[in-house]
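>>> sharing a sequence plus its predicted fold:
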Amino acid sequence: MSQLSDFQNEIYLGGLADVRPDLPTDLTRLAALAERRLSAASYGYLAGAAGSEATARANRDAFDRWRIVPRMLRDVAERDLSVTVLGTPMPAPVVLAPIGVQSILHPDAELATARAAASTGLTSILSTAASSTMEDVAEAGGSGPRWYQLYWPKDRDLAASFLGRAEAAGYTALVVTLDTFTLAWRPRDLDQAYLPFLRGIGVANYFSDPVFQRAVGGPVTEENRQAALLHWIGQFGNPSLTWDDLAFLREHWDGPIALKGIQHPDDARRALDAGMDGVIVSNHGGRQVDGAIASLDALPLVADAVGGRMSVLFDSGIRTGADVVKALALGAEAVLLGRPYAYGLALGGEAGVRHVLRCIQAELELTLALSGHRTISELTLDALVRA
Ligand SMILES: Cc1cc2nc3c(=O)[nH]c(=O)nc-3n(C[C@H](O)[C@H](O)[C@H](O)COP(=O)(O)O)c2cc1C
Ligand SMILES: CC(C)CC(=O)C(=O)O
């Protein structure tokens, strides 16, 4: 556990880490603590991955195959971690990944996450499958920067309604997740017979939507709840989508759009051709295709194919400041942090999420400076060697 007093915090970290004394500063230790706090089913849902979880492990192992080569005497007294990605200025290139159904982790759920993100100035991406409506989460986040993640439903009117609501609620960029039109074979959840949605968690944005309500014959009440859940199951994912459908997004969303779940350089090129503004190199934290390539291994190829012409973001496996440095050096403009902040939420609500964000930001700044860099744009492949 962190024993840092305020004074030590100032000395060690320039006051960057608003760390909680009851949580570890090594974020790789959060999972084990969260396991003790959560029910077996909730923990399994959060920590678990697809199949044998080989891809989840590969995501982590890939970081070990790259090593940072520190450079000396480069005047790193003034550091600036800020970047602007998809039109959003950020104090550091770390974004909160969309994580749905957060009420299985903490009663304050996405509202706590939005407040914690806003207090750090970091951008938070809200899932379509959030436990609260996008309007309530926007209100909790106040002036904090926010992006909206679309799970693209079959009903186009419902999709358009989601996009209109998100724009009205101040979400400035759209993230469209392509890799999860259905949940993968996830043995931990199958063995526990656990799916949050069947308990009515993660459906708030659907049940509150006028288009959804029209389809189920009116507002969702106890009487039509079962029918509404069945309708949700039919609507949630759309496996028939193709590249041609992206034009629909452009028609209904004025701001920047990034496609999440890209692993192949040709798919990144197609995203560029379709007029998208960015891609998120992600394998959903290993939760979808077991046996798939580690996301970090996909990153340099995608960045080579489209970097400079569109934004390239990265997720799946980020746990430390060094991981962030490696992903940025391999071509990402920013990274998304997934499970670590969700563990923080489970362990300490809003303060737990803030702890995680402060720790990774502080560790990133120290690692950047100690390896001889002042700014994010100075990080290139030159900073790394293959282990
Ligand atoms: C419990 C859980 C729920 C998630 N829900 C969503 C979601 O609603 N939408 C989405 O695009 N990605 C979702 N993801 C994937 C994350 O956005 C992100 O891609 C992944 O967690 C990154 O890997 P990491 O956890 O290793 O950092 C979820 C991940 C987890 C662990
Ligand atoms: C459908 C989402 C709420 C969940 C998800 O994306 C996930 O569990 O990986």
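Thanks, I have the structure now. Residues are numbered from 1 along each chain as shown. Ligands and ions are numbered 1, 2, ... in the order given.
>>> and the nearest residue to residue 195 once chain neighbours are set aside, what is it in contact with?
Closest residue to residue 195 apart from its sequence neighbours, by CB to CB, 6 or more residues apart in numbering: residue 189 at 6.5 Å. Bear in mind the C-beta positions are built from the backbone N, C-alpha and C, glycine included. Counting by CB atoms under 8 Å, 6 or more residues apart in numbering, residue 189 touches 41, 44-45, 48, 183, 195.
>>> look up phi and psi at residue 189.
The phi and psi values for residue 189, taken as degrees, to the nearest 10, are phi -70, psi -40.
>>> roughly how far does it sit from residue 25?
31 Å (CB to CB, to the nearest Å).
>>> what do you get for residue 145?
25 Å.
>>> which elements pack onto whichever helix or strand residue 362 is part of?
According to DSSP states H and E, residue 362 maps onto helix 339-370. Packing partners of helix 339-370 (3 or more CB pairs under 8 Å, 6 or more residues apart in numbering; DSSP states H and E): helix 30-37, helix 40-47, strand 94-96, helix 109-120, helix 321-329, strand 334-337.
>>> for residue 290, grab the count of nearby residues.
20 (other CB atoms under 10 Å).
>>> what's near enough to touch it?
Counting by CB under 8 Å, 6+ apart, residue 290 makes contact with 49-55, 184-185.
>>> among those, who's most crowded?
When neighbours are counted by other CB under 10 Å, residue 55 leads the contacts of residue 290 with 26 neighbours.
>>> can you count the residues close to the closest residue to ligand 2 within the chain?
When scored by CB to the nearest ligand atom, the chain has residue 100 as its residue closest to ligand 2, at 2.6 Å. Neighbourhood size, residue 100 [other CB under 10 Å]: 24.
>>> per-residue pLDDT, it?
You'll see residue 100 listed with a pLDDT of 98.
>>> does it lie in a helix or a strand, and which?
Assignment of secondary structure by DSSP H and E places residue 100 within no helix or strand.
>>> and if you look at residue 190?
Going by DSSP H and E, residue 190 is in helix 187-192.
>>> may I see the buried residues of that helix?
Applying a neighbour-count criterion of 16 or more other CB atoms under 10 Å, one finds 188-189, 192 buried in helix 187-192.
>>> residues from the stretch 101-250 of the chain in reach of ligand 2?
Counting by CB under 6 Å from any ligand atom, the positions of the stretch 101-250 of the chain adjacent to ligand 2 are 101, 127, 129, 180, 202.
>>> among these, find me the one that's closest to ligand 1.
Among those, and counting by CB to the nearest ligand atom, the member closest to ligand 1 is residue 127, at 3.2 Å.
>>> relative to residue 187, how far out is the residue nearest to the spatial centre of the chain?
The centre of the chain sits closest to residue 97, judged by CA atoms, centre = their mean, with a distance of 1.0 Å. Separation of residue 97 from residue 187 (CB to CB): 23 Å.
>>> do the same with residue 128
Taking CB to CB, one finds residue 128 at 25 Å from residue 187.
>>> same question, residue 299
28 Å.
>>> please apply the same query to residue 28.
Relative to residue 187, and taking CB to CB, residue 28 is found at 23 Å.
>>> residue 159 belongs to a helix?
Yes - under DSSP: H, G, I helix; E, B strand; the rest coil, residue 159 falls within a helix.
>>> hang on, isn't it packed against residue 245?
No - taking contacts as CB atoms under 8 Å, residue 159 lies outside contact range of residue 245: 9.8 Å.
>>> neighbour count: these two, which is higher?
residue 159 (23 against 14).
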